[in-house]
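*Asks:* Predicted model, plus sequence, below.
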Amino acid sequence: MDALLWADGVTVARGRTILLQDFSMRLAAGELVHLRGANGCGKSSLMRLLAGVVEPRRGSVGRAAGCLYVPERVALPESLTASRWMRICGAAGTRLPGELDRRCGALSNGQQQRLVLTAVLEDRAVSRRVYLLDEPWAGLDAEARASLDTRLTQAVDDGSAVAYTDHGHETALAPSRTIDLGGGDSEPGDPDGRVRVELRRGAERTQVVIRDRELAGRLSDGWQIEHIGPAR
Amino acid sequence: MSFAGALLGLVLSSRRVLAPVTLLIFAVVGVYLYRPNPVQGSFGVTAVMTAFFCAWLVAAVEREVTPAAGAILTVLNGGAVAAWRGRLALVSFFALVMTAFCLVWPTATGAFDRSPGPGDLLAAALAHLACGAVGGALGLVLGPPLRTATAFAIVLAALIASIAVARPLEVVAGPGGVARALSHTPNGAVSGPLVVALAVAAGEAALLGYGARMQARWRG
């Protein structure tokens, strides 16, 4: 398969902290790759390096297609208007939903995330792209999450490559490959993203080990969290 | 839209540039308010001011652009190297605009003791551009996460030091050296010491710009 993006022997670091050393990977056309690992293991730093936000200290990153990048914790300048942001991103022709067409400072985190996704994932002239998305589902409602999943599936079908991180297990996408970056400075989490939770609903009490997404289902059923901790 | 254009678009949507632009106008008008106004001496003063205000403007842009917006625009415009070229273009743009203002306003209003000739204007333009480049590059180095007050203090201290050492160090003193060399330049000429001072200032700007790029790579 055609490699759209490759990293050879790169060092991923933040200041004096070396996160990944001599790391290599290939991202081929039509691939949907999940980058996973514990907090602080270097997922976001690797994403920034792959996208070209920063230059690698060692090694090289090559791209055979244009990159589209959405960082985690999106925050746009407060005084910036959504329409100006769209123009700056070269997506002036895209019609924004009314609730997004305001100053960025007046938008919620989820709305800013939607605005950024709309601007960045706008249909562009070149169809084959490398999508590098760092927690893109964070803050989105169910409808927007499903819409993003559909958009990414379509992009992969069209020959683009997608790499994403999803610490909160918020997507229903099935990756074609998972790259595990392992632990970081912090204590590694459960590999399956499970947590041990004590729940209460009225007089009922229960203790379960479940995935984050299943927990969201329990909460919508009226359960309340008494205590939450690591699965192991 | 180019990276520099995108940064300008972001900062123009805020009020961050109002303070440096207003104060620049106030300062330049103030310099020429009372005579005598020798051509080279007055241009020397506004050249050093250009360094300060260029640093302020560049720092204002760097602070307005949030990390997320900066990262998205960097990638949309071709990556880190293209973004650095864009930043340098922005520094050049600010230096050019300020140079034009500092030269045109006093010349057009007849604020000098004598009419400046083409040689005077050329020497002054080069001095302002060199000082603006040093200041702009300093603004890149002192961008976030450094706090605004700290960056402001460092820029002021650096320029005061540059002026203070201009007498003993002559042309190698950076913007202060450029101003001193300009004020000692014969009428209508670009003197040898001024050329050396300009070259030193350009070298300093290049070093600072490179340092800012390496700093960004180090932070990751």
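*Replies:* Received it, and whenever you're ready, just let me know what you need. As the structure is a computational prediction, the values presented were derived from the model and not from experiment.

*Asks:* Report the spatially nearest residue to the residue of chain A found nearest chain B, omitting neighbours in sequence.
*Replies:* Of all residues in chain A, A:Gly52 sits closest to chain B, at 3.1 Å by Cβ to the nearest Cβ. Glycine gets a C-beta too; all of them are placed from N, C-alpha and C. Nearest non-adjacent residue to A:Gly52, counting by Cβ to Cβ, 6 or more residues apart in numbering or on different chains: B:Gly79, 3.1 Å away.

*Asks:* Would you mind confirming that that neighbour makes contact with A:Leu50?
*Replies:* No - counting by Cβ atoms under 8 Å, A:Leu50 is not a contact partner of B:Gly79; they are 10.6 Å apart.

*Asks:* what is in contact with the two at once?
*Replies:* Any residue near both B:Gly79 and A:Leu50 by Cβ atoms under 8 Å, 6 or more residues apart in numbering or on different chains counts here, and that gives A:Cys67.

*Asks:* Compare these two and say which is more crowded by neighbours.
*Replies:* A:Leu50 (25 against 20; other Cβ atoms under 10 Å in any protein chain shown).

*Asks:* List the contacts of the more buried one.
*Replies:* A:Leu50 sits in contact with A:5, A:7, A:27, A:61, A:67, A:130, A:132, A:163, where contact means Cβ under 8 Å, 6+ apart.

*Asks:* Tell me which residue lies nearest the centroid of chain B.
*Replies:* B:Gly132 (1.9 Å; Cα atoms, centre = their mean).

*Asks:* how about the strands in chain A?
*Replies:* A:3-14, A:17-28, A:32-36, A:60-63, A:66-70, A:129-134, A:161-165, A:177-180, A:194-201, A:204-211, A:224-230 (DSSP state E).

*Asks:* average pLDDT across the second one?
*Replies:* Here strand A:17-28 scores 90 as its mean pLDDT.

*Asks:* tell me how far that strand is from the chain's mean position?
*Replies:* Centre-to-centre, strand A:17-28 and its host chain are 18 Å apart (Cα atoms, centre = their mean, to the nearest Å).

*Asks:* who's in contact with that strand?
*Replies:* If you take Cβ under 8 Å, 6+ apart as the criterion, strand A:17-28 is touched by A:1-13, A:33, A:40-42, A:45-46, A:50, A:58-59, A:130, A:161, A:163, A:179, A:181, A:184-185.

*Asks:* Type out the PyMOL command that picks the buried ones from the residues you listed.
*Replies:* Command for PyMOL that selects the buried part of the contacts of strand A:17-28, burial taken from 16 or more other Cβ atoms under 10 Å in any protein chain shown:
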select buried, chain A and resi 3+4+5+6+7+10+11+12+13+33+40+41+42+45+46+50+59+130+161+163+179+181+184
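
*Asks:* Give me the secondary structure label for B:Gly143.
*Replies:* Recorded secondary structure, B:Gly143: coil (DSSP: H, G, I helix; E, B strand; the rest coil).

*Asks:* Identify the residues contacting the residue nearest the centre of chain A.
*Replies:* By Cα atoms, centre = their mean, the mean C-alpha position of chain A lies nearest to A:Glu135, the distance being 2.2 Å. Contact partners of A:Glu135, counting by Cβ under 8 Å, 6+ apart, are A:72-73, A:165-168.

*Asks:* So what does it have for phi and psi?
*Replies:* Backbone torsions of A:Glu135, given as degrees, to the nearest 10, read phi 50, psi 50.

*Asks:* Please report the distance of it from B:Ala68.
*Replies:* Distance, A:Glu135 to B:Ala68, by Cβ to Cβ, to the nearest Å: 12 Å.

*Asks:* shared neighbours of the two, anything?
*Replies:* A:Arg73.

*Asks:* Is the residue nearest to B:Gly220 when sequence neighbours are not counted bridged to anything, and to what?
*Replies:* Spatial nearest neighbour of B:Gly220, chain neighbours left out: A:Arg14 (4.0 Å); criterion: Cβ to Cβ, 6+ apart. For A:Arg14, the beta-bridge partners are A:Thr17 (DSSP bridges).

*Asks:* State the pLDDT value of the residue in chain B that chain A sits nearest to.
*Replies:* As assessed by Cβ to the nearest Cβ, chain A sits closest to B:Gly79 within chain B, at 3.1 Å. Note on B:Gly79: pLDDT of 92.

*Asks:* interface residues of chain B facing chain A?
*Replies:* With Cβ under 8 Å from any Cβ of the partner chain as the criterion, chain B meets chain A at residues B:1, B:6, B:9-10, B:13-15, B:64-69, B:71-76, B:78-81, B:216-220.

*Asks:* and the closest residue to A:Asp149 other than its chain neighbours, what does it touch?
*Replies:* Of all residues not flanking A:Asp149 in the chain, A:Leu173 sits nearest, at 5.3 Å (Cβ to Cβ, 6+ apart). Neighbouring residues of A:Leu173 by Cβ under 8 Å, 6+ apart: A:32, A:149, A:152-153, A:164.

*Asks:* before we move on, what SS does B:Ala4 have?
*Replies:* The three-state label given to B:Ala4 by three-state DSSP is helix.

*Asks:* Excluding chain neighbours, what is closest to B:Val58?
*Replies:* Leaving aside its chain neighbours, B:Val58 sits nearest to B:Gly139 (3.0 Å; criterion: Cβ to Cβ, 6+ apart).

*Asks:* My guess is that neighbour contacts B:Ala59. True?
*Replies:* Yes - with contact defined as Cβ under 8 Å, B:Gly139 reaches B:Ala59; the gap is 4.3 Å.

*Asks:* Need the residues touching each of those two.
*Replies:* By Cβ under 8 Å, 6+ apart, B:Gly139 and B:Ala59 have these common neighbours: B:151, B:155.

*Asks:* just to revisit the earlier point, show me which of the contacts of A:Glu135 neighbour chain B.
*Replies:* Answer for these near chain B (Cβ under 8 Å from any Cβ): A:Arg73.

*Asks:* Just the buried residues from the contacts of A:Glu135, in ChimeraX please.
*Replies:* Applied in ChimeraX, the following selects the buried portion of those according to 16+ other Cβ under 10 Å:
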select /A:72,165,166,167
